[in-house]
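A.B. asks: A structural model of the following input is requested.
(one chain, ligands or ions: 1)
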Amino acid sequence: MADVSQQQVETALKAVIDPYLEQDLVAAKAVKKITTDGGKVTVDIELGYPAKGYIADLGAKLKEKVAAIAGVKDVAINFSSKIVAHGVQKGVKPIEGVRNIIAVASGKGGVGKSTVAVNLALALSAEGASVGILDADIYGPSQPTMLGSKMKPESKDGKSLEPIMSYHLQSMSIGYLVDEETPMIWRGPMVTQALEQLLRDTNWQDLDYLVIDLPPGTGDVQLTLAQKVPVTGAIIVTTPQDIALLDARKGLKMFEKVDIPVLGVIENMSTHICSKCGHEEHIFGEGGGQRMSEQNDVDFLGALPLDMRIRVETDSGKPTVVADPECRISQIYRDIARRVAAKLSLKKKDFSAKFPSIVIQNT
Ligand SMILES: Nc1ncnc2c1ncn2[C@@H]1O[C@H](COP(=O)(O)OP(=O)(O)OP(=O)(O)O)[C@@H](O)[C@H]1O
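C.D. replies: Next up is the predicted model:
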């Protein structure tokens, strides 16, 4: 019997569309090596995004296609992830130790932006990336509470700060440094200066992604920040109500103005799940985030339910993604995290950046 050819294997691999990259892995240039040794086929795949929770499933689909080629007796698929730095706005200096910055914004307060930001950061970490979070919500820093950490950051040299570690996540917040009431009286320029300092004077350690939890709204502070921080991509959090959607649209326009690509929209409090009977209801209307994304030509990244456990777990210092990694809500956050990172991986690379991070992940 004739040997299995590389071409046959490629054709089989092309039959599987990666839902996060929205293309097959050959087209995405993720297939790095194919070896065929008699009936034994080995495929090396390098994804541009972290995907620990998904590669078993992806590997099984690819194996099934390759195994169906006549003459194939054994298939091995090896996965790795290589996360590289991507381009940012022109003229903004990159941050030492950080490959990519993802800004999480909302048009209006109270839509759950901070909750989404921390769970998204933890979900990226659960998928295998090295992740940090900067709490830029200077008027109401909530990350110290959400991460259950009240420690003061150390300074080894009297100039820079060491990030606080919780659940493998590096974090920095004005809430670690001043008492809760102080930032409320700060004026615009003080806020942006404090934030720039927090961002640049923290010793971030080799981060693939730094998630920035921006202050709510689209005023001057947010605009100045968006101009000064080297952001790779932004995410807008909204609820399905009309008013929140209108405000979210302002957020989209703000990022457009400063040339930051919007990775997409996350709808929070999408449906309500009754904690007693599990019944699901669209109490704030249905499909608003999806419609808004379509109308504004941005991606819809996913929807999270209004669920009491999200509030209880996050507000008590153990966000859902670490409190119960296998539950449905955590799976939604991880799905969104993979989608965000995959979209980011398709953006223009920053060729001046030094080292990518490579993680070997086997099925
Ligand atoms: N999907 C959800 N289900 C239930 N409760 C939620 C959900 N998302 C957020 N919450 C809760 O809603 C409250 C507000 O959330 P959060 O602080 O994240 O909002 P925010 O948009 O960052 O607010 P702010 O504008 O004050 O910064 C918190 O108590 C949080 O636990």
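
A.B. asks: near the ligand, which residues of the stretch 251-363 of the chain?
C.D. replies: Asn268, Met269, Leu304, Leu306, Asp307, Ile310, Arg311, Thr314, Asp315 (C-beta under 6 Å from any ligand atom). Every residue, glycine included, has its C-beta placed from N, CA and C.

A.B. asks: Looking at these, spot the one nearest Asp74.
C.D. replies: Closest to Asp74 out of those is Leu304 (41.3 Å), distances taken as C-beta to C-beta.

A.B. asks: From what I see, that closest one and Ile329 are in contact.
C.D. replies: Yes. Here Leu304 reaches Ile329: they are 6.8 Å apart, a contact under C-beta atoms under 8 Å.

A.B. asks: mind listing the helices for the stretch 1-150 of the chain?
C.D. replies: Listed in chain order, the helices of the stretch 1-150 of the chain (DSSP state H, counting those that start in this stretch) span 6-14, 55-67, 113-126, 143-146.

A.B. asks: For the ligand, find the nearest of those helices.
C.D. replies: When those are ranked by distance to the ligand, counting by C-beta to the nearest ligand atom, first place goes to helix 113-126 at 3.3 Å.

A.B. asks: re the thing from before, which neighbours do Leu304 and Ile329 share?
C.D. replies: Ile310 (C-beta atoms under 8 Å, 6 or more residues apart in numbering).

A.B. asks: next structured bit after the helix or strand hosting Tyr209?
C.D. replies: Using DSSP states H and E, Tyr209 falls within strand 207-213. Going down the chain from strand 207-213, the next helix or strand is helix 220-228, by DSSP H and E.

A.B. asks: in that next one, what's buried?
C.D. replies: For helix 220-228, a neighbour-count test (16 or more other C-beta atoms under 10 Å) marks Val221, Gln222, Thr224, Leu225, Ala226, Gln227, Lys228 as buried.

A.B. asks: right, and out of the residues you listed, which lies closest to the ligand?
C.D. replies: Gln222 (11.9 Å).

A.B. asks: Please enumerate the helices of the stretch 151-300 of the chain.
C.D. replies: For the stretch 151-300 of the chain, applying DSSP H, counting those that start in this stretch gives helices covering 188-200, 220-228, 242-257, 288-295.

A.B. asks: for the first one, what is the average pLDDT?
C.D. replies: Which is helix 188-200. Throughout helix 188-200, pLDDT has a mean value of 81.

A.B. asks: who's in contact with it?
C.D. replies: 95, 134, 136, 138-139, 161, 172-174, 183, 186, 212, 215, 220-221, 224-225, 228-229.

A.B. asks: Among these, the buried ones, what's the PyMOL command?
C.D. replies: The PyMOL selection below is limited to those of these classed as buried (16+ other C-beta under 10 Å):
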select buried, resi 95+134+136+138+161+172+173+174+183+186+212+215+221+224+225+228+229
